[in-house]
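S.K.: using only what follows, build the 3D model:
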Amino acid sequence: MSGARRNLAVVYEGPKTVAVKDIGYPQFVDPNGRPINHGVIVKCVVTNICGSDLHMYNGRTDYPPGKAFGHEITGEVVELGSAVNRITVGDLVSVPFNISCGTCRNCIDQKTSLCLNVNDKQPGGAYGFADMGMWQGGQAEYVLVPYADFCCTVLPKGIAMDYILDVAMLSDILPTGFNAAVQASVTVGSSVYIAGAGPVGICCAASCLLLGASQIVVGDVNPSRLTNIAKLGGGKALKTLDLSKVGESPDDLPAELEKLIGIKQVDCSIDCVGFECSGHGRNVSDNPGEMVINSCISVTRSGGSIGCPGVYLPFDLGAKDKEQKAGYLPLTFGVAFQKGIKFEMGQCPTKIYHHALLQSIINDRIKVSDALNVKVISLDQAPEAYKTFSKGEPCKYVIDPHGMLPKRS
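M.R.: I've put the predicted structure just below:
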């Protein structure tokens, strides 16, 4: 099957520019051209646009032109490598955005986001992402999935398609949001501040509700995104804070929390934004890369915890000064030390949460697609979707490359 067939994909062409082009049908080779037999070729049923794709789209990274974007993949297996034993042709699979071998020290320790065998530059690999091993992206008709027996989660086909718009989030943002809550030690009765009401922030808020948090405040500068949060339900436990209407200093946030939930500092804070953040109040249009981390330090109680799924890079091509270009941020580290705050950060080891979150979806314990304001689009609509999403459109774009999803009213 892997002859000269086409494979249309969303390809990066330069800052603020993507196009749909034929990148060629996948071959059973790694990014260095070495043959592999542990992979499968997946026909993408759904493949999503992620907020972290925008870092590359905006030109803040060194992603190479001509390479496909996309790391949120759910699809049907159409070809098997000769060493694949567990996966079969026709399986519907969720593909973790982390590429991981399953056998290195970090994978054995369930740190699949830091696999030692999939990236020549550093630990950890991903599809279509800067510095993550140069694996081809999955915003495409077809994609090669290496180490398939370990990586792929086989889905119950009929049931999964009934819940496909939520199941589609298993590849990244739902586990990422859940892992962020775990990083921040959210548990029954916790008070939580979540910075960012984008897709990951929404999934994190839903995860905090699932874990039993009693008070959750989600802050953002985009009122439309905050409106979406209400679709999660949560009753009195879930509140929102419009950061465009508060003071411009992180130290102004405790007083705002007290107005909302009666306490100035919370047990747990979570940064669901990352280095391309906005300021507060009058500085809302600024891009102070340290703003969210320092806000989390300000509103977290002594002995509390901070989780950070928001992306930070060792360099930032679009930063305003040389320190931030080199990845240095002015953090209130001494305050964090005095408070004894626990930090945990980094990309989510997606695979370890797949079973639990899949069961939570198909048994109606968690639903995020409504709050995410999912918009299903065709592959050729992706370039326009990137334009609107990069301007803060409050939605989650799900690409249906083959027109396989049932039409929605």
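S.K.: so what are the domain limits for this protein?
M.R.: Each structural domain of the chain that the record assigns through automatic domain parsing is listed here as a residue range: 8-169+349-399, 173-345.
S.K.: looking at the residue nearest to the spatial centre of the chain now. What's its pLDDT?
M.R.: Relative to the mean C-alpha position of the chain, the nearest C-alpha, by CA atoms, centre = their mean, is the one of Ile173, at 4.0 Å. Taken from the predicted model, the pLDDT recorded for Ile173 is 97.
S.K.: what bridges to Asp242?
M.R.: As for beta bridges, Asp242 partners with Asp220 under DSSP bridges.
S.K.: please report the distance of it from Asp109.
M.R.: Going from Asp242 to Asp109 by CB to CB, to the nearest Å gives 41 Å. The C-beta positions use only the backbone N, C-alpha and C, and glycine is treated the same way.
S.K.: who has more neighbours, the two?
M.R.: Asp242 (14 against 10; other CB atoms under 10 Å).
S.K.: now do the more buried one against Glu393, distance only.
M.R.: Here Asp242 is placed at a distance of 18 Å from Glu393 (CB to CB).
S.K.: and for Asp380?
M.R.: Remark: distance between Asp380 and Glu393 (CB to CB) = 18 Å.
S.K.: please say which of those two ends up with more neighbours.
M.R.: Neighbours per residue (other CB under 10 Å) separate Asp380 from Glu393, with Glu393 holding more: 16 against 13.
S.K.: tell me the pLDDT at the nearest residue to Leu144 once chain neighbours are set aside?
M.R.: Closest residue to Leu144 in three dimensions, ignoring its sequence neighbours and counting by CB to CB, 6 or more residues apart in numbering: Pro26, at 3.9 Å. In this model, Pro26 is scored at 97, pLDDT.
S.K.: same question, Lys407
M.R.: Confidence at Lys407, expressed as pLDDT, is 67.
S.K.: ok, Ala184 touching Ile341?
M.R.: No. When contacts are counted by CB atoms under 8 Å, Ala184 is not listed as touching Ile341 (10.3 Å).
S.K.: who's more crowded, those two?
M.R.: Set Ala184 next to Ile341 and count neighbours by other CB under 10 Å: Ala184 wins out with 32 against 19.
S.K.: now do the more buried one against Phe178, distance only.
M.R.: Ala184 is 11 Å from Phe178, by CB to CB.
S.K.: quick check: which ranges of this protein have low pLDDT?
M.R.: 1-4, 286, 407-409 (pLDDT under 70).
S.K.: which helix is the longest one in it?
M.R.: With DSSP state H applied, the helix covering the greatest number of residues in the chain is identified as helix 199-211.
S.K.: now for Gly90: which residues touch it?
M.R.: 76-77 (CB atoms under 8 Å, 6 or more residues apart in numbering).
S.K.: please identify the helix or strand for it.
M.R.: Assigned by DSSP states H and E, Gly90 belongs to no helix or strand.
S.K.: hang on, the earlier thing: quick check: the residue nearest to the centre of the chain vs Cys348, distance?
M.R.: Using CB to CB, Ile173 is found at 9 Å from Cys348.
S.K.: which residues does Met132 contact?
M.R.: By CB under 8 Å, 6+ apart, the neighbours of Met132 are 99, 119, 124-126.
S.K.: again but with Gln122, I slipped
M.R.: Listed by CB under 8 Å, 6+ apart, the contact partners of Gln122 are Asp131.
S.K.: how about the secondary structure of Tyr12?
M.R.: strand (DSSP: H, G, I helix; E, B strand; the rest coil).
S.K.: partner residues bridging it?
M.R.: Those that pair with Tyr12 in a beta bridge, by DSSP bridges, are Val18.
S.K.: would you confirm that it contacts Gly59?
M.R.: No. Shown here, Tyr12 and Gly59 do not form a contact pair, counting by CB under 8 Å, at 9.6 Å.
S.K.: which of these two has more residues huddled nearby?
M.R.: More neighbours surround Tyr12 than the other of Tyr12 and Gly59, with 24 against 15 (other CB under 10 Å).
S.K.: can you tell me which residues contact the more buried one?
M.R.: If you count contacts by CB under 8 Å, 6+ apart, Tyr12 has them with 18, 56-57, 63-69.
S.K.: dump these to JSON lines, plus distance to Leu405 and neighbour count.
M.R.: Formatted as JSON lines, the entries for the contacts of Tyr12 read as follows, by distance: CB to CB, whole Å; neighbours: other CB atoms under 10 Å:
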{"residue": "Val18", "distance to Leu405": "22", "neighbour count": "24"}
{"residue": "Met56", "distance to Leu405": "26", "neighbour count": "21"}
{"residue": "Tyr57", "distance to Leu405": "24", "neighbour count": "23"}
{"residue": "Tyr63", "distance to Leu405": "28", "neighbour count": "23"}
{"residue": "Pro64", "distance to Leu405": "31", "neighbour count": "10"}
{"residue": "Pro65", "distance to Leu405": "30", "neighbour count": "10"}
{"residue": "Gly66", "distance to Leu405": "29", "neighbour count": "10"}
{"residue": "Lys67", "distance to Leu405": "26", "neighbour count": "20"}
{"residue": "Ala68", "distance to Leu405": "21", "neighbour count": "23"}
{"residue": "Phe69", "distance to Leu405": "20", "neighbour count": "26"}
